[in-house]
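Visitor: Sequence and computational prediction follow.
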Amino acid sequence: MGYMQAYKEWIKNDYFDKTTKKELLEIQDDEREIQDRFYKDLEFGTGGLRGIIGAGTNRINVYTIQKATQGLANYILKSQEEGKQGVAIAYDSRFKSAEFAEEAALVLNGNGIPTYLFDSLRPTPTLSFALRELGCMAGIVITASHNPPEYNGYKVYWSDGGQVPPPKDEEIIQEVNQVQDYSQVKVIKKGDAIKAGYFHIIDSEIDDKYLEAVKAQCLQPEMIKKYGKDLTIVYTPLHGTGNIPVRQVLKEVGFENVWVVPEQEMPDSKFSTVAYPNPEDPKAFSLAIALAKEKDADIIIGTDPDADRLGVLVKDGEGEYVLLNGNITGILLMEYILSQKKDAGELPSNGAVISTVVSTKMSQAIANDYGITRMEVLTGFKFIGEKIKEFEKKGNYTFLFGFEESYGYLAGTHARDKDAVVAALLACELAAYYYSQGITPYEGIHALYEKYGYYKEDLHSITLKGIEGMEQIQAILEGFRNNPPTNFIGQNIVEIRDYDAQITYYPKTGVKTPITLPKSNVLYFVLEDESWFCVRPSGTEPKVKFYFGVLERSEREADEKLKALCKEVLDKINTMIA
């Protein structure tokens, strides 16, 4: 069916409500908009759905939510696990999140599957905790994470509490794709679902248990009691779900001097005070920095709308607040956790930390120093969650910490996804520890550089929207795959990892070795001086991402080499899409 035929079908079909038809009639003279809304179905990818809210097959709306949920229901009914029943559902502060969450529940109920829905917005990690606590088969979170306000999304979790890993994710996608007609959706009215005993609301007991599990990750509670009252913290939830749990945890462990950015405290679907509610973006912290200067804060923390990512700002050598990138925050937390466990005699000999293929390689140097194992997984925290499950099943490793460069961190096994609530607690504990030692976190960062080397990383994203953009992204990946570069910054490329072909190729010898990680459209290049860069399409946005990393003996040398590497690679990209 062509896009115009699909558009007309939605307008004439009685299945779609009057509000949807009115929205579509308003664009009847804009063929380009019609094409964008109907040229394809909104793709249910390995992480679920994410798209612009609106009417159409390539938009996220009640109907695309129902269709995806019917596919998930079909899969659940074919894959029952012993002792597991029902689906837990959470949602964030975005437009239509509560509506989409309830619609998903009622489709599951229509298929005879019980649901457990939170009564109001909750962080993503709370959902991860809840579905395991309740013994659920699966979980759903309605969120678009840190995307702009016009977006929403639908993430699927499995019984272990993590996002669905391969091959289960592909199997669910197949079930969703087999729902060709909206009339295949089985939905029940809410009153009937309640009467049948399928529709349940999760009470505060789950919240209390989750927060206790978070607080259990505190490493030095007595130190916090002594110095926590002297540490000044500024926090922004960026209009999202973190406000209540983050403040409650910090207060209960002993941080008494926490200031919340008032303009960003309450949920706001428009995210009115920021252009982009992303703790990776320094601009999102302008109000927090102003408050921090007023209060002379020691640390600024911010969580994204679904509170699974954390941004941290500290004072630099000039007294100005700087946003730490995800790699720096990750190694600070990792080294702190390992050092405190070692000092307490609690560092297990089979301890393991996990990061992703595009995260800093300093984590390997730190792991070596502490005599523990570091593992790499593909980008996506679900692969870290999958490793935790594997450790528990085999008993071969003890999980200590996991992080990815995109501001996601996890300590503890209470959740199987990144958790900004526990990360906020540990970031403030880390700041209190440095305070007790008479140094700043910024000085702590440079102490790590001096000890392990100047590992510097950078990330550049190129946004390419629409059909043409999707084709350009594919062309960039295929260009690098089929005609790989031989050198950059005067250094030969000595290793090429193609995670889609699952092959590592060594150009100098022609040797090829297998990659054991799952297939993924990722290309990774290593230079002879151990510099590296990686290219991959975003799984949630119309972007292609480029990651870079270098290691040098001094900060100046590292910064210069990183800048040169970024420029040469991006110059090549610009010629490819010109």
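Guide: Looks like it came in fine.
Visitor: switch to C-alpha atoms for all contacts and neighbour counts from now on
Guide: OK.
Visitor: for the residue lying closest to residue 16 once chain neighbours are set aside, what are its contacts?
Guide: Nearest residue to residue 16, sequence neighbours excluded (C-alpha to C-alpha, 6 or more residues apart in numbering): residue 10, at 6.5 Å. Contacts for residue 10 were tallied using C-alpha atoms under 8 Å, 6 or more residues apart in numbering; they are 16, 21, 56.
Visitor: one more time with 10 Å
Guide: Listed by C-alpha atoms under 10 Å, 6 or more residues apart in numbering, the contact partners of residue 10 are 16, 17, 20, 21, 24, 38, 55, 56, 57.
Visitor: if I look at it, how far off is residue 26?
Guide: 13 Å (C-alpha to C-alpha, to the nearest Å).
Visitor: thinking again about what came up before, which two of the contacts of residue 10 have the greatest separation?
Guide: Within those, two members stand farthest from each other by C-alpha to C-alpha: 17 and 38, at 17.3 Å.
Visitor: thinking again about what came up before, residue 137 versus the residue nearest to residue 16, what's the distance?
Guide: Residue 10 is 34 Å from residue 137, by C-alpha to C-alpha.
Visitor: now residue 421
Guide: Separation of residue 421 from residue 137 (C-alpha to C-alpha) stands at 24 Å.
Visitor: Ok, residue 206 next?
Guide: 17 Å.
Visitor: ok, now residue 438?
Guide: Relative to residue 137, and taking C-alpha to C-alpha, residue 438 is found at 49 Å.
Visitor: who has more neighbours, these two?
Guide: residue 137 (25 against 8; other C-alpha atoms under 10 Å).
Visitor: I'd like to check which residues are in contact with that one.
Guide: 76, 79-88, 113-114, 131, 157-161.
Visitor: In strands, which of the residues you listed appear?
Guide: 87, 88, 157, 158 (DSSP state E).
Visitor: so what does the lowest-mean-pLDDT helix or strand in the chain touch, helix or strand wise?
Guide: Least confident helix or strand, the chain: helix 466-482 with a mean of 89, by mean pLDDT, DSSP states H and E. Packing contacts for helix 466-482, counted by 3 or more C-alpha pairs under 10 Å, 6 or more residues apart in numbering; DSSP states H and E, involve helix 31-38, strand 454-463, strand 491-498, strand 523-527, strand 532-537, strand 543-552, helix 555-577.
Visitor: who does the shortest one pair up with?
Guide: So the one you mean is strand 523-527. Sheet pairing of strand 523-527 (DSSP bridges) gives strand 491-498 (antiparallel), strand 532-537 (antiparallel).
Visitor: which one of these is the most hemmed in?
Guide: strand 532-537 (a mean of 21; mean count of other C-alpha atoms under 10 Å).
Visitor: Between helix 555-577 and that strand, find me the angle.
Guide: 40 degrees (axes from the mean of the first three to the mean of the last three C-alpha atoms, to 10 degrees).
Visitor: Numbering from 26 from now on, please.
Guide: Will do, 26 is the new start, and the previous item becomes strand 557-562.
Visitor: mind listing what's buried in the helix or strand hosting residue 89?
Guide: For residue 89, the host element (DSSP states H and E) is helix 87-103. Buried residues in helix 87-103, counted by 16 or more other C-alpha atoms under 10 Å: 87-101.
Visitor: Stretch 146-153: how far from the chain's middle?
Guide: On the basis of C-alpha atoms, centre = their mean, to the nearest Å, stretch 146-153 sits 13 Å off its chain's mean C-alpha point.
Visitor: With stretch 32-50 instead?
Guide: The answer for stretch 32-50 is 34 Å, by C-alpha atoms, centre = their mean.
Visitor: Equivalent analysis for stretch 201-210, please.
Guide: Relative to the centre of its chain, stretch 201-210 is centred 28 Å away, using C-alpha atoms, centre = their mean.
Visitor: do stretch 309-318 as well
Guide: Centroid separation for stretch 309-318 versus its chain: 24 Å, with C-alpha atoms, centre = their mean.
Visitor: who's in contact with that stretch?
Guide: Contacts for stretch 309-318 (C-alpha under 10 Å, 6+ apart): 257-261, 263, 284-289, 298-304, 307-308, 319-327, 329, 336-339, 344-348.
Visitor: Report the mean per-residue pLDDT for it.
Guide: For stretch 309-318, mean pLDDT is 98.
Visitor: What of stretch 425-435?
Guide: What stretch 425-435 shows for mean pLDDT is 97.
Visitor: which of the contacts of residue 162 are buried?
Guide: Members of the contacts of residue 162 classed as buried by 16+ other C-alpha under 10 Å are 101, 110-113, 138-139, 156, 182-186.
Visitor: Next, count neighbours for residue 229.
Guide: Using other C-alpha under 10 Å, residue 229 has 11 neighbouring residues.
Visitor: Would you confirm that it contacts residue 143?
Guide: Yes: using C-alpha atoms under 10 Å, residue 229 is in contact with residue 143, at 9.1 Å.
Visitor: Wasn't residue 336 part of a strand?
Guide: Yes: when DSSP: H, G, I helix; E, B strand; the rest coil is applied, residue 336 is found to be in a strand.
Visitor: Could I get the contacting residues of it?
Guide: Neighbouring residues of residue 336 by C-alpha under 10 Å, 6+ apart: 260-261, 303-307, 309-310, 325-329, 348-351, 354, 431-433, 445, 448-449, 452.
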